[in-house]
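Asker: the sequence and its predicted three-dimensional model are supplied below.
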Amino acid sequence: MVFRSMRRSRQQLTRPECDAILSMATSGTLALLGDNGYPYAVPISYVYADGKLYFHSAKTGHKVDAVKGHDKASFCVIAADEVHPSEFTTYFRSVIAFGRIRIIESEDECRYAASLLGARYNPGDEAGLQEELEKGLSHLLMLRLDIEHLTGKEAIELASKK
């Protein structure tokens, strides 16, 4: 599959820079094809591991219906958004991942993904995490986005400082 090239390639972030942003940020916007062909974008917490994005979800709802209906998705993370009013601009840095999303069916993979997510947002509490997984794993879905294309961009002002 061929994805568009970035028009302003001088502002393009490297793969390691994109990976670092995905590893450090705590939330982003998941975009799916929703009801009646309308885009559905939802802010969501996530974890990035093994070159994949993992999300949690309730077992039913708009997000789950969208994933079941169409497996293509994108996910955007904004790492910097510094407004410079006198310059009429923002100094931004962001990443967009494109890929295929699916509901994780395997209980082992679901537990793995939920463990990653739990450790990301509550580091150092392994006993508490295991207790929470035992109590709540049956009440949630885990989603996995397999990244097919990853692109990042930053403001020209930031790119010029490198």
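Answerer: Looks like it arrived, so ask away.
Asker: for the chain, which segments count as helices?
Answerer: Secondary structure of the chain (DSSP state H): helices located at 15-24, 62-69, 107-121, 126-136, 156-160.
Asker: where among those is the average confidence lowest?
Answerer: When the helices of the chain are compared on average pLDDT, helix 126-136 comes out lowest at a mean of 75.
Asker: so it versus helix 107-121, what angle?
Answerer: Helix 126-136 and helix 107-121 are oriented at 130 degrees to each other (axes from the mean of the first three to the mean of the last three Cα atoms, to 10 degrees).
Asker: which strands or helices does helix 126-136 pack on?
Answerer: With contacts defined as 3 or more Cβ pairs under 8 Å, 6 or more residues apart in numbering; DSSP states H and E, helix 126-136 has these neighbours: helix 107-121. (C-beta placed from N, C-alpha, C; glycine too.)
Asker: quick one: the helix it packs on to chain centroid distance?
Answerer: Taking Cα atoms, centre = their mean, to the nearest Å, the mean C-alpha location of helix 107-121 is offset from the chain mean by 15 Å.
Asker: restricting to C-alpha, output it in PDB.
Answerer: Only the C-alpha atoms of helix 107-121 are listed here, as PDB (Å, rounded to 0.1, in the frame of the first residue of the first chain):
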ATOM      1  CA  GLU A 107      -7.400 -14.100  26.200                       C
ATOM      2  CA  ASP A 108      -3.600 -14.300  26.500                       C
ATOM      3  CA  GLU A 109      -3.000 -11.300  24.100                       C
ATOM      4  CA  CYS A 110      -5.800  -9.400  25.800                       C
ATOM      5  CA  ARG A 111      -4.200  -9.900  29.200                       C
ATOM      6  CA  TYR A 112      -0.800  -8.900  27.800                       C
ATOM      7  CA  ALA A 113      -2.200  -5.700  26.300                       C
ATOM      8  CA  ALA A 114      -4.200  -4.800  29.400                       C
ATOM      9  CA  SER A 115      -1.100  -5.400  31.500                       C
ATOM     10  CA  LEU A 116       1.000  -3.100  29.300                       C
ATOM     11  CA  LEU A 117      -1.700  -0.400  29.600                       C
ATOM     12  CA  GLY A 118      -2.000  -0.800  33.300                       C
ATOM     13  CA  ALA A 119       1.700  -0.700  33.800                       C
ATOM     14  CA  ARG A 120       2.000   2.400  31.700                       C
ATOM     15  CA  TYR A 121      -0.600   4.400  33.800                       C
END
